[in-house]
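Enquirer: Here's a sequence, model it:
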Amino acid sequence: MKKKEEKWAVFWCDLLGPIIYSEIEPEQTHRYLGELASRAVVFPDGRVGKPSLSTLKRKLEKYREGGFGALGRKVRNDRGKARTVSDEIVAKIVDLKKEQPLRSPRVINRFLSEQYGLTLPRSTIYWHLKRAGATRKKLGIVKTKVRGRWTRDHTHSLWEGDFGDGPYVMENGDVVPTYLSVFIDCHSRYAVEARYWFRHNSDVLIDSLVRALAKHGAPLALYVDNAKVYHSHGLKMACHMMHTRLIHRPERDPAPGGLVERFIQTAQNQFEAEVRAGDILTLEELNRVFSAWLSAGYHRDVHSELGVSPEKQLRKGLRVTRHVDMKEILSAFMQRLRRTVHRTFSDVRLDKRFYKVAPELRGDRVEVAFDPFSAIDTVEIWSLAGEWLGTGTRHFREPVRSAGPAPKTPEKPKNNYLDLLVREHEKQLADQTKGIDRRKTVKSRSWPFHEFAGTFARLLGNRGGLASFTAEQLETLKKVYNSSVRIDKTMLRQAFENACPKSMPHVIRELKILINRKEETRCSPTTSK
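Expert: A predicted model of the protein is given here:
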């Protein structure tokens, strides 16, 4: 008995147990079977339904006749043999295939039609060849995976998303890397959303996807990498809400993601190469010129594979736009925590912040939902059963006073803290293109990068400071600067003196030599005489 049949046999024995083990009287058997037929059960295949009375009687009779083993399927006498095709024809099929492994079922059918006056379905021929070990793969003809390019017949049938490394930009006097977040339409190769960020985390993923949904509606399927950020609960929940199938790239198989990676390579070769050759930009400037390159360049240029521009292909293949409720989608990314409403202050606490709720909820256990990427001035209050209970507004607790004279009404403060929160929130919205970095830390170094780059420029005879370098040169200097915290003015001057000629590559080479020597001296053990 196979494992699957064993599960079914155990299921029927469990269901008929009271009868099998005489827990009920024989005259009550029919009544008990009728009760079983009226109750819904979960079958071993996961289906929920009611077993019919005739099925229950048949299973009980089989058990009484042959025990547990009788509940499995009977093995056919002709198992493993062809029932509609003679052994002679099967042998002919196998010989034809082994004689020439590249013969297709159509060619084999021509031989069968000439000799036997019949043809067989493709599936039947393959079944016999597989049983005989005479398929192309078994005969050693096919050794590698046969792949085809991702393609869809209509626009927004499938989106592919991924991250890519971007150029360095200037941020608060420092040179920092960027990352390109992109979603492209598989049918048209049109970038439904693409921009550069300072991070490549879940915050950026959510923001990019929401922007794409707001402009183009929901796709039928979403194909993403197998990284942890693409397995988040919020992303899965949002896809289910949109009725969008979420597909992950197979592990250790990067080939299926070549379509979006080809777009990233095109952006690097055509756009980022021009950025690196010019003056270094800020993130806002980088995204502005990137948007111009997409609109006036990539989307309007003829695609080498499509034969038309992505913009025309997008409009040509558009059949319907699946609009989504953005409020519902955003709720999928909200964080939910369970809290108990304070009995005295009628509020809940989140990260040392207090939110006032309705007084009738005091002492109740509730679920607090909030957007972790906003200022969190208000939260949503839900019951544990999923019922909407209202909103909670941030407030500041005041000490509970005993009964006595009414406290003096305080004067209105000159500095309004809520106005300050509003200003900070507006600034946060204005800077949202920079992404959200909750792990940002300040690294203090005795010699800042801008002074290092300025000194480097002066030693080379350039009076423009950082502005005298191209973006690519600044990236190189930044990587050298980050390689060791021990770089100082003395080391840089010494590297410049050792360099011959006095050019940037030679100075950097001498500087790396000095850094390695200093690290070796610091790490070498001291010996005593």
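Enquirer: Buried residues in whatever helix or strand residue 513 lives in, which are they?
Expert: Per DSSP states H and E, residue 513 falls inside helix 504-523. Residues 504, 507-508, 510-511, 514-515 are the ones in helix 504-523 that count as buried (16 or more other CB atoms under 10 Å). For every residue, glycine as well, the C-beta is placed using N, CA and C.
Enquirer: so what does that helix touch, helix or strand wise?
Expert: If you count contacts as 3 or more CB pairs under 8 Å, 6 or more residues apart in numbering; DSSP states H and E, helix 504-523 packs onto helix 449-459, helix 471-482, helix 489-498.
Enquirer: ok and it relative to helix 471-482, angle-wise?
Expert: When axes from the mean of the first three to the mean of the last three CA atoms, to 10 degrees is applied, the directions of helix 504-523 and helix 471-482 differ by 10 degrees.
Enquirer: between helix 504-523 and helix 449-459, how many degrees?
Expert: 130 degrees.
Enquirer: How far off centre is helix 504-523?
Expert: What separates the centre of helix 504-523 from the centre of its chain is 41 Å, taken as CA atoms, centre = their mean, to the nearest Å.
Enquirer: Just the pLDDT for the residue nearest to residue 297 when sequence neighbours are not counted.
Expert: Of all residues not flanking residue 297 in the chain, residue 270 sits nearest, at 7.2 Å (CB to CB, 6 or more residues apart in numbering). Among the per-residue scores, residue 270 shows a pLDDT of 89.
Enquirer: ok but residue 270 is inside a strand, no?
Expert: No - according to DSSP: H, G, I helix; E, B strand; the rest coil, residue 270 belongs to no strand; its state is helix.
Enquirer: Pretty sure it sits against residue 293.
Expert: Yes - counting by CB atoms under 8 Å, residue 270 touches residue 293, with 7.4 Å between them.
Enquirer: Report the contact partners of the residue nearest to residue 297.
Expert: 293, 297-298 (CB atoms under 8 Å, 6 or more residues apart in numbering).
Enquirer: ok, now residue 333?
Expert: Contacts for residue 333 (CB under 8 Å, 6+ apart) come out as 206, 234, 238, 371, 373.
Enquirer: Pick out whichever of those sits closest to residue 481.
Expert: residue 373 (31.6 Å; CB to CB).
Enquirer: picking that back up, redo the helices and strands packed on helix 504-523 as CSV? Include mean neighbour count, mean pLDDT and distance to residue 311.
Expert: Listed next are these as CSV, based on neighbours: other CB atoms under 10 Å; pLDDT from 0 to 100; distance: least, CB to CB, whole Å:
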stretch, mean neighbour count, mean pLDDT, distance to residue 311
helix 449-459, 18, 87, 41
helix 471-482, 18, 88, 29
helix 489-498, 15, 89, 50
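Enquirer: Turn those helices into a markdown table, including distance to residue 135.
Expert: Listed next are the helices and strands packed on helix 504-523 as a markdown table, based on distance: least, CB to CB, whole Å:
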| stretch | distance to residue 135 |
| --- | --- |
| helix 449-459 | 62 |
| helix 471-482 | 53 |
| helix 489-498 | 65 |
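Enquirer: Tell me the secondary structure at the residue lying closest to residue 71 once chain neighbours are set aside.
Expert: Setting aside the residues directly before and after it, residue 71 is nearest to residue 9 in space (CB to CB, 6+ apart), at 3.9 Å. Secondary structure state of residue 9, per three-state DSSP, is helix.
Enquirer: Does residue 9 touch residue 62 like I think?
Expert: No - between residue 9 and residue 62 there is no contact, the gap being 9.7 Å when judged by CB under 8 Å.
Enquirer: which of those two has more neighbours?
Expert: Remark: of residue 9 and residue 62, residue 9 carries more neighbours, 22 against 17, as counted by other CB atoms under 10 Å.
Enquirer: on that earlier part again, pLDDT at the residue nearest to residue 71, what is it?
Expert: pLDDT, residue 9: 84.
Enquirer: how's this protein carved up into domains?
Expert: 3-71, 87-131, 159-316, 334-398, 449-523 (automatic domain parsing).
Enquirer: what's the most buried one of these?
Expert: When those are scored by mean count of other CB atoms under 10 Å, the highest mean neighbour count falls to domain 159-316 (a mean of 18).
Enquirer: Please state the offset of that domain from the chain centre?
Expert: In terms of CA atoms, centre = their mean, the centre of domain 159-316 is found 13 Å from the chain centre.
Enquirer: For that domain, measure first residue to last.
Expert: 17 Å (CA to CA, to the nearest Å).
Enquirer: Send over stretch 289-307 as CSV, restricted to the C-alpha atoms.
Expert: Provided in CSV are the C-alpha atoms of stretch 289-307 (Å, rounded to 0.1, in the frame of the first residue of the first chain):
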residue,chain,number,x,y,z
VAL,A,289,18.2,63.5,-14.8
PHE,A,290,17.4,59.7,-14.5
SER,A,291,13.7,60.5,-15.0
ALA,A,292,14.6,62.6,-18.0
TRP,A,293,16.7,59.7,-19.5
LEU,A,294,13.8,57.3,-19.0
SER,A,295,11.2,59.6,-20.5
ALA,A,296,13.2,61.0,-23.5
GLY,A,297,15.6,58.2,-24.0
TYR,A,298,14.9,54.6,-23.0
HIS,A,299,11.1,54.6,-23.2
ARG,A,300,11.1,56.2,-26.7
ASP,A,301,14.1,54.3,-28.2
VAL,A,302,13.4,51.2,-30.3
HIS,A,303,14.0,48.1,-28.2
SER,A,304,16.4,45.7,-29.9
GLU,A,305,14.2,42.7,-29.1
LEU,A,306,10.7,44.2,-29.5
GLY,A,307,11.4,46.2,-32.6
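Enquirer: contact partners of that stretch?
Expert: Under the contact criterion CB under 8 Å, 6+ apart, stretch 289-307 has outside partners 149, 188-191, 194-196, 266-267, 270-271, 275, 281, 308-311, 313.
Enquirer: Mind doing that once more with 6 Å?
Expert: Under the contact criterion CB atoms under 6 Å, 6 or more residues apart in numbering, stretch 289-307 has outside partners 189, 191, 271, 309-311, 313.
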